[in-house]
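Chemist: sequence first, predicted coordinates after that:
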Amino acid sequence: WYEALAKPAWTPPNWVFPAVWIPLKVLQSVAAWLVWRSAPTTQQLYLPLALFVAHLFLGSWWNVVFFGRHQMQQSVKWMAAFWCSIAASIAAFSQVSPLAGLLFAPTQLWVTIAAKLNWDIVKLNAAKKP
């Protein structure tokens with residue numbers, strides 16, 4: 001299904017996605033570990049870790065909506081929520097550990113690129129039925 005979609009000329013080759021996501025997930029894991037280790041109290045862990053879990057859910061759900069259900073229009077909304085959850089995670093992580101926030105920042109950059117790609121694919125395929 002994905003291969004048959006119209007895509008912008010700047011679309012990265014398929015191998016780029018795991019090549020980027022794997023190191024990003026490592027950075028996110030280290031960031032979460034730093035927050036876990038650095039939080040002065042258990043209560044200061046709740047918000048950062050809840051936002052982290054929300055970002056994990058939203059990223060996975062975007063995959064279900066876009067690739068599983070082929071609901072491209074809906075995927076844009078979920079991508080926006082995913083993007084916001086990463087921004088919120090960075091802010092919350094930074095309050096506990098500035099380094100953790102910095103380690104999460106490359107994910108925001110990559111998801112910004114992914115959001116633009118998602119938007120462009122939706123626009124290029126608007127005439128096609130979901």
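Modeler: Right, received. Where do you want to start?
Chemist: this structure: helices as residue ranges?
Modeler: 16-38, 43-63, 72-96, 98-124 (DSSP state H).
Chemist: make TSV out of the ones you listed and add mean pLDDT.
Modeler: Listed next are the helices of the chain as TSV, based on pLDDT from 0 to 100:
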stretch	mean pLDDT
helix 16-38	96
helix 43-63	95
helix 72-96	97
helix 98-124	97
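Chemist: most tightly surrounded among the ones you listed?
Modeler: Of all these, helix 72-96 has the most neighbours on average by mean count of other Cβ atoms under 10 Å, namely a mean of 19. For glycine as for every other residue, the C-beta is placed from the backbone atoms N, C-alpha and C.
Chemist: helices or strands up against that helix?
Modeler: For helix 72-96, the packing partners by 3 or more Cβ pairs under 8 Å, 6 or more residues apart in numbering; DSSP states H and E come out as helix 16-38, helix 43-63, helix 98-124.
Chemist: wait, which of those helices is closest to Ala88?
Modeler: For the helices and strands packed on helix 72-96, proximity to Ala88 was assessed by Cβ to Cβ; helix 43-63 is nearest, at 4.9 Å.
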